[in-house]
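Asker: quick one, what's the 3D model for this:
(chains A, B, C and D)
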Number of protein chains: 2
Amino acid sequence: MKQRITIRDVAREAGVSRQTVSRVINDKGELSPATKERVQAVIRRMGYRPSRTARSLTTRRTLTVGFVVPTIANPFFAELARGVQDAGRARGYHIFLCNTDWDPAEELELLHTLAAQPVDGIILTSSRLEDEALQAFADTFHPLVLGGRLPAEYPGIGRVEVENDAGMLMAVEYLQGKGHTAIGYLAGPETAPTMSNALREIGYRKAMVACALPNGDRWIRRGNLTAEGGYQAAMQLFQAAPELTALVAHNDLMAIGAIQACQEVGRQVPDECAIVGFNDIDLAAMANPPLTTIRLDRHRFGYEMMNLLLEMIDNPGKHFPAKTIPIDGLVIRKSG
Amino acid sequence: MKQRITIRDVAREAGVSRQTVSRVINDKGELSPATKERVQAVIRRMGYRPSRTARSLTTRRTLTVGFVVPTIANPFFAELARGVQDAGRARGYHIFLCNTDWDPAEELELLHTLAAQPVDGIILTSSRLEDEALQAFADTFHPLVLGGRLPAEYPGIGRVEVENDAGMLMAVEYLQGKGHTAIGYLAGPETAPTMSNALREIGYRKAMVACALPNGDRWIRRGNLTAEGGYQAAMQLFQAAPELTALVAHNDLMAIGAIQACQEVGRQVPDECAIVGFNDIDLAAMANPPLTTIRLDRHRFGYEMMNLLLEMIDNPGKHFPAKTIPIDGLVIRKSG
DNA sequence: CTGAAAGCGCTTACAG
DNA sequence: CTGAAAGCGCTTACAG
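Answerer: Next comes the predicted model:
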């Protein structure tokens, strides 16, 4: 790398002190227009860019946040990431991307690494950590924003939740309206009750009860939150509960896998098995048949998480209530 | 945030100088086992973690690299990102994720921002920048690794390319073997000849010539590199060239969109229109019908880019030849 | 085997 | 409106 141009070089060249240069790059304090302009000209000419590292050391701000997801290869989290970045960009924030692969131990390790990085804050989605572990971490580092799960309030932890119950109710009511009574559920792996998988599954169970539909564990099968996982869970369900005429999936990827499973066992979608997804990822419209799904604005979700984090960074110690991302409604396409 | 524990605190607590603490955390220089152990105990007890920022300022290493993609919402780039991260993890490297949305101006701005960040190196995929702009940037900052495009060799620029020609030849030969002679191409947006879109399109054209098949612009339509883009390009092609019996797509997402288009115009896949994708993203197997596609190991691609970058970081000034990621072959499923 | 000094490139009070 | 001094938390030579 070439010899770095520092604030000292600019100062010498412009015939001012380093603080003056600092003032013009930060647009802070009173400056005579003349010197300001002169310094700016020198900066442009020399191609000077202040070192973020040096700046971070004194300001204790890194303009960097950690964004932790199970896996960025899942389009849902990728779309979330875009929202996070867009919200951060205006403030000059950069994003450290981290994947946990759903492993709680890995997740905890990552959090500590990020804290030492250091970052100004962390957005943690679909955490698999127990509430106690999260709180212990928050005691040593904050702000921390949790996306998609909803533990008890705790200082230093911001929460952004999804209206899972409302979404699931929409899905089940819609299917019931179409005459379905045996509606199964493709669930994610089993987790503690405040984690996102569980939250959505609870939504399904509540919805079945609210619609006075028979329900219980026998119409639920678990799988990874991928198309492959949905395929396998659906295959098991067809075996165990052939009476099912409709399936609601934890997410669109699993729903796409379920379509695949129907194809394989010779069930026509939607006539012999209706399928409803959740999230409405970009790909949902391109499934075959196109997916009927509950729409959640992923970009907005990411955007709100980042905005909350930024507010927490700007107002240390202040408490913010949990934010809720509304369901945008049911998008009716061809699968159900 | 709590009061930071610094090397000074540890030194005082352990009754040694700061340099000694520095030596034990970096495992560098001679230390008596006794002091080493004592200092380590204090570090553990106090929960000390060295500040990366401070360390970066003196070492001029940030253990951070920039990873620039058109959009992480495309699963191909997301899978690449996993490979990059996995290669970096062992060395303690973190990844700054950046999206350009295919905009060259945005891309250039991002590169400069990353350089000022600063990062130890940058991986740039599917760059839309002209060779001159890339070289001018490399003059001020390196190492830089380019993925998927292949400009002339240039100091400070590492290159990792994909065997587009071989892949396209496989696809076309396979289709020809199935009796197809009218094989269309779903291309990405038009770009300069060294950019990835163009490279793959050239591969298709060469393959058609090599197979002595009729070809030319009339069997090519462009679209965005998304399922939606593939859908639209395919619709145009069905209109303009109904004689086509097979379609090769720039990537799997576009191929999935093409299946959608077939569905819409009532063409059976693969009987009335065979479709072959490229990359074999995770989702390809879950398309309906499952996608026949050219397999490229995305994880390996990402991994190799990061490894090359790491080698360049470790050996400044040294020149490395372009790496080539081989095609893993044709994966025959149901769409073609 | 261990320590004192200087410095990385900035910003933050404090003067004037 | 502008500058001199100190400091952020480390590491890098240099001594001894």
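
Asker: residues contacting A:L124?
Answerer: By CB atoms under 8 Å, 6 or more residues apart in numbering or on different chains, the contact list for A:L124 reads A:V68, A:E107, A:L111, A:L144, A:V145, A:L146, A:G147. Using the backbone N, CA and C atoms, a C-beta is placed for each residue, glycine as well.

Asker: same list (these) but as a markdown table, adding pLDDT.
Answerer: Shown next, in a markdown table, are the contacts of A:L124 (pLDDT from 0 to 100):
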| residue | pLDDT |
| --- | --- |
| A:V68 | 96 |
| A:E107 | 95 |
| A:L111 | 92 |
| A:L144 | 95 |
| A:V145 | 97 |
| A:L146 | 97 |
| A:G147 | 96 |
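
Asker: return a ChimeraX selection command for the buried portion of these.
Answerer: To isolate the buried ones among these in ChimeraX, judged by 16 or more other CB atoms under 10 Å in any protein chain shown, type:
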select /A:68,107,111,144,145,146,147
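
Asker: quick one: which of the contacts of A:L124 is nearest to A:D131?
Answerer: A:L146 (10.2 Å; CB to CB).

Asker: and the closest one, bridged to which residues?
Answerer: A:L124, A:R159 (DSSP bridges).

Asker: correct me, but it touches A:S126?
Answerer: No: using CB atoms under 8 Å, A:L146 is not in contact with A:S126, being 9.2 Å away.

Asker: helices of the stretch 101-250 of chain A, start to end?
Answerer: Here the stretch 101-250 of chain A has its helices, by DSSP state H, counting those that start in this stretch, at A:104-116, A:131-140, A:164-177, A:196-210, A:227-240.

Asker: pick the one among the contacts of A:L124 closest to A:L308.
Answerer: Checking the contacts of A:L124 against A:L308 by CB to CB gives A:V145 as the nearest, at 5.4 Å.

Asker: wait, what's in contact with the closest one?
Answerer: By CB under 8 Å, 6+ apart, the contact list for A:V145 reads A:G121, A:I122, A:I123, A:L124, A:I157, A:G158, A:R159, A:V160, A:M305, A:L308, A:L309, A:M312.

Asker: over to A:V24?
Answerer: Contacts here follow CB under 8 Å, 6+ apart; on that basis A:V24 touches A:L31, A:T35, A:K36, A:V39, A:Q40, A:I43.

Asker: pLDDT below threshold where in chain A?
Answerer: Low-confidence segments of chain A (pLDDT under 70): A:1-3.

Asker: so the lengthiest helix in it, near chain B or not?
Answerer: Ranked by residue count, the top helix of chain A under DSSP state H comes out as helix A:298-314. No: remark: helix A:298-314 sits outside contact range of chain B, by CB under 8 Å from any CB of the partner chain, the gap being at least 9.0 Å.

Asker: sorry, back to before: could you pick out the buried ones from the contacts of A:V24?
Answerer: Neighbour-count burial (16+ other CB under 10 Å) applied to these gives A:T35, A:V39, A:I43.

Asker: how about the secondary structure of the last one?
Answerer: With DSSP: H, G, I helix; E, B strand; the rest coil as the basis, A:I43 sits in helix.

Asker: and it, what does it touch?
Answerer: Taking CB under 8 Å, 6+ apart as the definition, contacts of A:I43 comprise A:V10, A:V21, A:V24, A:I25.

Asker: and if you look at the second one?
Answerer: When contacts are counted by CB under 8 Å, 6+ apart, A:V39 touches A:V10, A:A14, A:V16, A:T20, A:V21, A:V24.

Asker: next one: the first one
Answerer: Contacts for A:T35 (CB under 8 Å, 6+ apart) come out as A:A14, A:V16, A:T20, A:V24.

Asker: roughly how far does A:T71 sit from B:A81?
Answerer: Separation of A:T71 from B:A81 (CB to CB, to the nearest Å) stands at 10 Å.

Asker: more crowded one of the two?
Answerer: More crowded of A:T71 and B:A81, by other CB atoms under 10 Å in any protein chain shown: B:A81, with 28 against 19.

Asker: any idea which element the more buried one lies in?
Answerer: helix B:75-89 (DSSP states H and E).

Asker: now A:A261
Answerer: Using DSSP H and E, the element containing A:A261 is helix A:252-265.

Asker: report the inter-axis angle for that helix versus helix A:227-240.
Answerer: For helix A:252-265 against helix A:227-240, the angle by axes from the mean of the first three to the mean of the last three CA atoms, to 10 degrees is 50 degrees.

Asker: what's whatever helix or strand comes next after helix A:252-265 packed up against?
Answerer: Moving toward the C-terminus from helix A:252-265, the next helix or strand (DSSP H and E) is strand A:274-279. Contact partners of strand A:274-279 among helices and strands, from 3 or more CB pairs under 8 Å, 6 or more residues apart in numbering or on different chains; DSSP states H and E: helix A:164-177, strand A:246-249, helix A:252-265, strand A:292-296.

Asker: just name the most buried of the ones you listed.
Answerer: strand A:246-249 (a mean of 30; mean count of other CB atoms under 10 Å in any protein chain shown).

Asker: can you list the strands that that strand pairs with?
Answerer: Paired strands of strand A:246-249, defined by DSSP bridges, are strand A:183-187 (parallel), strand A:274-279 (parallel).

Asker: gap between the first one and the chain center?
Answerer: Between the mean C-alpha location of strand A:183-187 and the chain-wide mean there is a distance of 23 Å, by CA atoms, centre = their mean, to the nearest Å.
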